[in-house]
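[1] Here is my input, please return the structure:
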Amino acid sequence: MARRGKKPKGRPINGWIIFDKPRGMGSTEAVAKMKWMFFAQKAGHAGTLDPLASGMLPIALGDATKTVPFVMDGRKVYRFAVRWGAETTTDDTEGPAVNSSEARPSRAEIEELLADYTGEITQVPPNFSAIKIAGERAYDLAREGEIVEIAPRTVVVHRLEIVDMPDADTTIFEAECGKGTYVRAIARDLGRDLGCYGHVVELRRVSVGAFGEGDLVPLAELEAAAEEGMEVLDAEAIESGARPRVVDFQPLDEYLVSPESALSDLYEVMLSDEQASRVLSGNPVLLRGRDAPAFCDEAYATGHGRLIALGSVEEGSFRPKRVFGGKG
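    Below is the predicted model of the structure:
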């Protein structure tokens, strides 16, 4: 007799939470908290955000985890403050200073260098980063006192500009960049090129892929929604040490963004109910209409009022590669 698999714990909910991660919280901790708060069966995030950074950490629940790669590959916008006069071991405020200078750059001197930091550039990621070296995280090796050598990598910075210079010691920048870019490395290298050294003292991510600053949801707002849906315990239950739990998830679920919202750069194939049923069974369907493309490397299909599949369009047919079978 075949053993039945364990029933997944949690609710089969699908969607994105565009979490405004507070400073001091790690990305893994944030995902665990959202998974627990929403009582979701599955959760993941689209791009690590350092504990010392705040801002956008898109968290995928349920079938939305299948769209994570499309968000991670999208452009990101960071707003960050650089303190001139010192370079640290971590390129932020966590590590001690290793180089210092009394020199301070003018706005004109900084702006003269910004063109060198836009487009396709080469940078060495910080020693204290999540990059793996022989299977180990660079920050783990660095904390153990090992000499970390990270190979230079090519990244793309679409835009880098000065937002403000509140004082001679500080410059606030905004950067729009591609996957794998470290703004801490930009601050470090700018400081070296300017001859004054520098490190990041404040970092906030305000945009990731299709998600913008207006989509951000702070932790306090989510906690208030969870509290709104919690059960009310009587005196006897409270005295016995029972803890209230969320019994009505509707206030929380209103913050969920649909899985397909992460796919705005892809071609959408809108299916009839009959076509959707065929695709859900893994079968291709012929697309009709003058506007339907003959070929498209990446596309997504919607039907039955939800995201159905990821796939491609070949010879006028949508061919599913990954089907979304959960309830939506």
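[2] Tell me, how many residues neighbour the residue nearest to Arg11 when sequence neighbours are not counted?
    Spatial nearest neighbour of Arg11, excluding adjacent residues (Cβ to Cβ, 6 or more residues apart in numbering): Phe39 at 5.2 Å. No exception for glycine: its C-beta is placed from N, CA and C like everyone else's. Counted by other Cβ atoms under 10 Å, the residues lying close to Phe39 total 15.
[3] confidence score at Phe39?
    The predicted structure scores Phe39 at 93 on the pLDDT scale.
[4] which residues does it contact?
    Applying Cβ atoms under 8 Å, 6 or more residues apart in numbering, one finds that Phe39 lies in contact with 10-11, 246, 249.
[5] And it, how far from Ala81?
    Counting by Cβ to Cβ, to the nearest Å, the gap between Phe39 and Ala81 amounts to 38 Å.
[6] And Gly305, by the same measure?
    Distance of Gly305 to Ala81, given as Cβ to Cβ: 44 Å.
[7] Between these two, tell me which one has more neighbours.
    The neighbour count for Gly305 versus Ala81, taken as other Cβ under 10 Å, is higher for Ala81 (18 against 9).
[8] before we move on, what SS does the residue nearest to the more buried one when sequence neighbours are not counted have?
    Nearest residue to Ala81 in three dimensions, chain neighbours excluded: Glu202, at 4.1 Å (Cβ to Cβ, 6+ apart). With DSSP: H, G, I helix; E, B strand; the rest coil as the basis, the three-state label of Glu202 is strand.
[9] Check the burial of Glu202 by counting its neighbours.
    As a burial measure, the neighbour count of Glu202 was computed by other Cβ under 10 Å and equals 17.
[10] Please give me every residue in contact with the closest residue to Leu263 other than its chain neighbours.
    Counting by Cβ to Cβ, 6+ apart, the nearest residue to Leu263 once its immediate chain neighbours are dropped is Tyr300, at 4.9 Å. Neighbouring residues of Tyr300 by Cβ under 8 Å, 6+ apart: 260, 263, 266-269, 307-311.
[11] among those, which are in strands?
    Residues from the contacts of Tyr300 lying in strands, with DSSP state E as the criterion: 267-269, 307-311.
[12] Switch those residues over to a markdown table, and while doing so, append pLDDT and neighbour count to every line.
    A markdown table is the format used below for the ones in strands among the contacts of Tyr300 (pLDDT from 0 to 100; neighbours: other Cβ atoms under 10 Å):
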| residue | pLDDT | neighbour count |
| --- | --- | --- |
| Tyr267 | 89 | 16 |
| Glu268 | 91 | 13 |
| Val269 | 90 | 24 |
| Leu307 | 93 | 26 |
| Ile308 | 92 | 26 |
| Ala309 | 94 | 24 |
| Leu310 | 94 | 22 |
| Gly311 | 93 | 23 |
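[13] what's the closest of those to Gly24?
    Leu307 (34.1 Å; Cβ to Cβ).
[14] I'd assumed Phe324 was in contact with that closest one.
    Yes. Contact status for Leu307 versus Phe324: in contact at 5.2 Å, counting by Cβ atoms under 8 Å.
[15] Pull up the overlap in contacts between these two.
    Contact criterion Cβ under 8 Å, 6+ apart; residues shared by Leu307 and Phe324: 14, 63, 259.
[16] Distance check, the second one against Ala224.
    Counting by Cβ to Cβ, the separation of Asp63 from Ala224 is 27 Å.
[17] Mind checking which of these two has more residues around it?
    When neighbours are counted by other Cβ under 10 Å, Asp63 comes out ahead of the other of Asp63 and Ala224, with 23 against 12.
[18] How about the secondary structure of the more buried one?
    When the structure is split into helix, strand and coil by three-state DSSP, Asp63 lands in helix.
[19] my read: it touches Ala40, true?
    No. Because the distance of 10.7 Å does not satisfy Cβ under 8 Å, Asp63 is recorded as not touching Ala40.
[20] Tell me which stretches of the stretch 151-300 of the chain form helices.
    Secondary structure of the stretch 151-300 of the chain by DSSP state H, counting those that start in this stretch: the helices cover 183-194, 219-228, 235-239, 250-253, 273-280.
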